[in-house]
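Trainee: The following comprises the amino acid sequence and a computationally predicted model.
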Amino acid sequence: MQPQIQIRHGIPPALCGAAARLYWRHFAAALQPLPTAPRQGAALVRSAMQPDRAIIALTPQGGLIALAGLRNADGGFLSGSVSGFIATFGPARGRLRHLATGLHRGGTQTGDLILDGVAVRRGWQRRGIARALVLAAEAEARRQGYPALLAEVEAANDAALAAWQRLGFCPIGRQRQGWPWNRPAHVLRRPVPAS
């Protein structure tokens, strides 16, 4: 990783739009089962995001490079309220799309801090940025008293599984989560060492 990259907790208001577009680009299929235009998808993420539940990487000029969402028992990077769906798709379509999210299965309850998706902009991959985000998430987990970080990876995504393992995560099981038609996911855990 280049030393001038900045890692910080939370997304400042000026970067929320860029964060929404980046997160939608990486996780569109996981977020919405219905066809959604990128502009609407980013608007949905923007309206649902909780900026304090993210760690971001910035260029020296302050541009967004990457983000990692954080989730615990109180919620995650995206809230599940109907208001964002209505604001994005209108009252009738928004309510229907929100109802469809009832099909989505979350992961099992845990006492660990969960990485709720890590997204790195094209052109910035393989520079140690994901590792820097994981280390920052680990520091946040330690600060809040969590014993470990968890990550979830679709079982068929061998490249992502290998990447998480290179980051020090070990598979601890598989579970069905996400949409009913999704394949099972690997659950990976990385203990948080004492400071």
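Mentor: In hand now; what should we look at? Residues are numbered from 1 along each chain as shown.
Trainee: Could you use CA atoms for every contact and neighbour count after this?
Mentor: Noted.
Trainee: in this structure, what residue sits furthest out from the centroid?
Mentor: residue 92 (27.7 Å; CA atoms, centre = their mean).
Trainee: ok, now how distant is that residue from residue 126?
Mentor: Separation of residue 92 from residue 126 (CA to CA, to the nearest Å) stands at 43 Å.
Trainee: Return the helix or strand containing residue 8 as CSV; C-alpha atoms alone will do.
Mentor: Using DSSP states H and E, residue 8 sits within strand 6-9. The C-alpha coordinates for strand 6-9 follow below in CSV (Å, rounded to 0.1, in the frame of the first residue of the first chain):
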residue,chain,number,x,y,z
GLN,A,6,-5.7,7.8,4.4
ILE,A,7,-7.8,5.3,6.3
ARG,A,8,-10.6,6.8,8.4
HIS,A,9,-13.8,5.7,10.3
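Trainee: Going by contacts, tell me the helices and strands next to it.
Mentor: strand 54-58, helix 129-144 (3 or more CA pairs under 8 Å, 6 or more residues apart in numbering; DSSP states H and E).
Trainee: Each with direction, which strands does the shortest one pair with?
Mentor: Going back to what we said before, that points to strand 54-58. Applying DSSP bridges to the sheet, strand 54-58 is found paired with strand 6-9 (antiparallel), strand 64-71 (antiparallel).
Trainee: For the residue farthest from the centre of the chain, which non-adjacent residue is closest in space?
Mentor: Excluding its sequence neighbours, the residue lying closest to residue 92 (CA to CA, 6 or more residues apart in numbering) is residue 86, at 7.6 Å.
Trainee: Relative to residue 12, how far out is the most centrally placed residue in the chain?
Mentor: Nearest residue to the geometric centre of the chain (CA atoms, centre = their mean): residue 117, 2.3 Å. Residue 117 sits 19 Å away from residue 12, going by CA to CA.
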